[in-house]
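S.K.: Give me a 3D structure for the following:
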Amino acid sequence: MSASRTRPFVSILIAALLVVAALGSLSGCKSKDDTEDTKTSEGSSANNGANDAGQQTADGTAGDEGDGSVDEPPVNPPTEITVRLYWVEAGENSLGVERTIPYTQAIATAAMKELLAGPTAAEKATWPAIDTVIPEGTKLLGLTVANGVAKVDLSGEFDDGGGTFSVTARLAQVVYTLTQFPTVNSVEFYMDGVAVEIFSSEGLILGEPQTPEDYYDLLPIDA
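M.R.: Numbering: from 1, shown residues only. Down below sits the predicted model:
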């Protein structure tokens, strides 16, 4: 074969190889992009799941945007706000007692922390006597409010000990305290990040968000 006939053949072969190489490169880029899109989608789903579980930070705090318990922050926010905390009065009813705390958009979170800290010495000295049946050491792990439901995540100490009255009353304390806020109609309980369906050794069934009506026998008497 002469050199003049070889040159066009070689040129065509080189061009064909370049086209194949270019197509392979485009295919590789598309595959990588698809993989990254899949990872992003999976990551978003995981984050949404964490939010659905009512998780915030490790110490139960909320960000500057609040926890959902404030509809709209006031233009000129006050320095303090009054909340009502629910205790057990004379071992029978719940009793709502007002307490003034620093203002925050995460007001439900702040109220829960006050509730878990227990009544003050002055509050215990009142008559009739008030107390809490929430076990000492119970920690708030997270709290979010959305669509009228407060999802509260408490540490494992929350279901420690107590008989039927004690475990029922501690749930009532939380439900009454959180449903005082206009954005909260019911409370969904979590412990250590897991939704509670059967609470404590007493076997209380919490198959759905709890409302004040579920604790009618402990109807609060507000101070």
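S.K.: Any stretches of this protein with poor pLDDT?
M.R.: Where the chain drops to pLDDT under 70, the residues are 1-65, 90-91, 223.
S.K.: repeat that with 50
M.R.: 2-6, 9-10, 12-13, 19-20, 22-23, 25-62 (pLDDT under 50).
S.K.: Let me see the domain layout of it.
M.R.: 1-52, 80-222 (automatic domain parsing).
S.K.: Now Gln105: closest residue in space, sequence neighbours ignored.
M.R.: Closest residue in space to Gln105, ignoring its immediate chain neighbours: Gly66 at 3.2 Å, by C-beta to C-beta, 6 or more residues apart in numbering. For the C-beta atoms, the positions are set from N, CA and C on the backbone; glycine is no exception.
S.K.: Tally up the residues packed near that neighbour, please.
M.R.: 19 (other C-beta atoms under 10 Å).
S.K.: rewinding a little: of the domains of the chain, which is nearest Glu72?
M.R.: Checking those against Glu72 by C-beta to C-beta gives domain 80-222 as the closest, at 9.6 Å.
S.K.: picking up where we left off before, how close does the residue nearest to Gln105 sit to Thr179?
M.R.: Remark: distance between Gly66 and Thr179 (C-beta to C-beta, to the nearest Å) = 17 Å.
S.K.: so where do the helices sit in the chain?
M.R.: 3-52, 107-117, 121-124, 164-178 (DSSP state H).
S.K.: follow-up on the earlier one: surely the residue nearest to Gln105 meets Ala106?
M.R.: Yes - between Gly66 and Ala106 there is a contact under C-beta atoms under 8 Å: 4.8 Å.
S.K.: residues in contact with the nearest residue to Asp131 once chain neighbours are set aside?
M.R.: Counting by C-beta to C-beta, 6+ apart, the nearest residue to Asp131 once its immediate chain neighbours are dropped is Val88, at 5.6 Å. With C-beta atoms under 8 Å, 6 or more residues apart in numbering as the criterion, the residues that contact Val88 are Ser94, Leu95, Ile130, Asp131, Thr132, Val133, Ala169, Gln173.
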